[in-house]
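In: Prediction below, plus the sequence it came from.
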Amino acid sequence: LNFLPVAIYEQFRRVANLYFLIVGAVMFIGQYTDLYSSVVDPVTILFPLACVISVSLLQEGIVDLGRHRSDSQVNNHQCVILRRSEKLDAESGNRADNINRGQDVEVEMDKNYLERRSIPSTERSTLECCKIAFESVKRMDIRQGHLLLVRNRDMIPADLVILASSADNGNAYIETSSIDGETNLKLRSTANLPKELLEKTREQNSEDINQPEDNVIRETLEQATKRICRSSILASPNGHNAIENPANRDSSSAESAVNENTPASSSSNLRQSLMKRISSMAMSFSEPGNRNKSCEDDSSYVAALKSEAPNASVNTFNGVLFLPPIESNGPSLEIPLSAENFLLRGAILRNTEWVLGLSCYTGKDTKLVRNSFDTPSKLSRLDELTNRTVFYILSFMFTLIAILAIMARRNIDQFFDQLWYLGMSSDQARKWPYLPDNFEAPRWETKDETDNWIQMFFRILTTVFSLVPVTLYVTVEIVT
């Protein structure tokens with residue numbers, strides 16, 4: 001909507017274009033008023049100026065349209081989020097058929113891990129289950145609290161807290177060349193979850209868990225989906241925020257835990273001030289609308305994230321991940337988060353088959369956008385050189401016009417009666433030379449009716465205006 005005003009403003013930052021606009025206005029006033037006379041019709045300058053500016057606007061419009069199409073392509077890029085299958089089908093959502101062979105993941109909704117591990121495998125089929133589907137959505141439709149699946153060589157669509165990955169121990173590699181220019185891969189990892197928690201939340205029996213001798217934990221996409229969704233609001237739509245668990249320690253302890261797990265640096269004061277502004281809104285996985293419910297009528301809790309307020313620091317992050325209690329009536333499990341567990345929007349996932357993450361910041365709240373700024377209005381060196389050259393030419397021209405106006409006014413005062421060829425004479429009865437006596441001569445212009453210095457200045461200006469060519473900038477752009 002603001003393209004035309006901004007583009008026109010940029011055009012008249014060029015000295016020559018502004019000069020011709022002013023000269024056109026001077027000609028228009030001289031042509032259609034009695035203030036002074038113009039020797040040239042204003043159309044002769046305003047029409048070429050309009051054509052020249054139109055060509056420049058068309059060129060900028062093509063570039064801006066290409067930028068708009070690129071932004072639209074980025075915003076409409078397809079990403080994958082996790083949703084309950086029945087909600088996806090009810091809303092006729094677009095299921096990602098290339099993920100998990102197009103099959104939904106069946107997740108048990110029981111959260112008492114210790115009791116669940118004691119249930120024989122033959123009886124587990126009676127537990128309540130829900131189906132989790134992989135939905136393909138546009139990047140601009142991603143919201144805080146969504147669980148996202150990012151695949152290898154895909155761009156991170158939002159600021160994510162990494163929850164699982166295909167690599168050992170939940171590690172992932174990202175390339176941040178588009179953010180900080182560094183081409184080396186950076187290692188990111190999931191939060192430091194207790195290994196016993198990972199084992200307890202596995203779908204298999206304890207004896208079936210693939211536990212290598214080196215104690216390296218590996219998960220398939222299906223296993224990670226079950227582990228994460230079982231603790232999320234996807235499995236328990238009526239669950240309560242784990243932050244609101246009465247058995248939890250107070251929030252100040254959680255904040256101190258975050259600060260203790262954050263390496264000291266020169267920006268520690270900034271991080272501490274940000275932690276004071278920690279958001280009280282918890283992002284429950286993964287339906288943002290189901291929050292802040294009363295805990296009095298149910299003992300089921302869902303995982304939630306408590307993070308610092310959105311900021312522009314790309315090298316720091318502080319937050320706490322609250323997981324449901326491992327034991328009945330126990331406190332929620334608090335996992336401190338740092339920048340090592342954070343994936344920046346705009347980074348590229350590399351050497352990692354897939355990553356599951358929680359959308360923490362989206363849109364204008366992402367750190368990448370917070371670091372961006374409007375493109376400054378600036379001129380190229382060639383434009384600056386051209387402007388400077390035109391300014392010198394105009395300075396010389398205006399000085400010359402001023403001198404000519406002074407000389408013209410002095411000659412009129414000194415030789416007024418001799419300027420009969422200009423129609424000037426103080427004797428109104430004087431006959432025009434070289435005309436027959438029976439020819440009615442035009443009326444003589446008296447001395448009081450002649451132009452003053454200012455009027456003479458504008459008249460001469462409309463005569464010599466073409467000292468600067470109107471097609472100057474177009475010619476320069478074509479040549480370069």
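Out: The structure has been received and is ready for your questions. Predicted model only: the values in this text are computed from it and were never measured.
In: tell me the SS of E327?
Out: Following DSSP: H, G, I helix; E, B strand; the rest coil, E327 is assigned to coil.
In: can you check V150 too?
Out: strand.
In: for it, what are its contacts?
Out: Shown in contact with V150 (C-beta atoms under 8 Å, 6 or more residues apart in numbering): C79, V80, I156, P157, L160, L343, L349, W354, V355, G357. For every residue, glycine as well, the C-beta is placed using N, CA and C.
In: Please identify which of those residues is nearest to S426.
Out: P157 (85.7 Å; C-beta to C-beta).
In: just to revisit the earlier point, export the contacts of V150 to TSV and tack on neighbour count?
Out: Converted to TSV, these look like this (neighbours: other C-beta atoms under 10 Å):
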residue	neighbour count
C79	24
V80	21
I156	24
P157	28
L160	28
L343	25
L349	23
W354	20
V355	29
G357	28
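In: What segments of this structure are helices?
Out: Applying DSSP state H to the chain gives helices spanning 3-11, 15-32, 43-75, 85-90, 113-118, 177-180, 195-200, 221-230, 251-260, 268-276, 367-371, 381-414, 453-464, 472-479.
In: what bits of the chain have low per-residue confidence?
Out: Scanning the chain for pLDDT under 70 picks out 1, 110-127, 193-215, 250-299.
In: Let me know the angle separating the longest strand along it from helix 43-75.
Out: In the chain, with assignment by DSSP state E, the single longest strand is strand 129-138. Here the directions of strand 129-138 and helix 43-75 differ by 160 degrees (axes from the mean of the first three to the mean of the last three C-alpha atoms, to 10 degrees).
In: by contact count, what packs against strand 129-138?
Out: strand 78-84, helix 85-90, strand 105-108, helix 221-230 (3 or more C-beta pairs under 8 Å, 6 or more residues apart in numbering; DSSP states H and E).
In: Name the nearest of the contacts of V150 relative to P325.
Out: Looking across these and measuring by C-beta to C-beta, the closest to P325 is G357, at 23.4 Å.
In: Kindly state the beta-bridge partners for the closest one.
Out: Beta-bridge pairing of G357 under DSSP bridges involves L148, I162.
In: from what I can see it touches L344, true?
Out: No - G357 lies out of contact with L344 (C-beta atoms under 8 Å); the separation is 11.2 Å.
In: number of nearby residues for G93?
Out: 16 (other C-beta atoms under 10 Å).
In: measure the residue nearest the centre of the chain to L344 for me?
Out: Centroid check for the chain by C-alpha atoms, centre = their mean gives V369 as the closest residue, at 5.3 Å. Distance, V369 to L344, using C-beta to C-beta, to the nearest Å: 11 Å.
In: And for T475?
Out: Applying C-beta to C-beta to T475 and L344 gives a distance of 45 Å.
In: Specify which residue of these two has the higher count of neighbours.
Out: Per other C-beta under 10 Å, whichever of T475 and L344 has more neighbours is L344, with 25 against 11.
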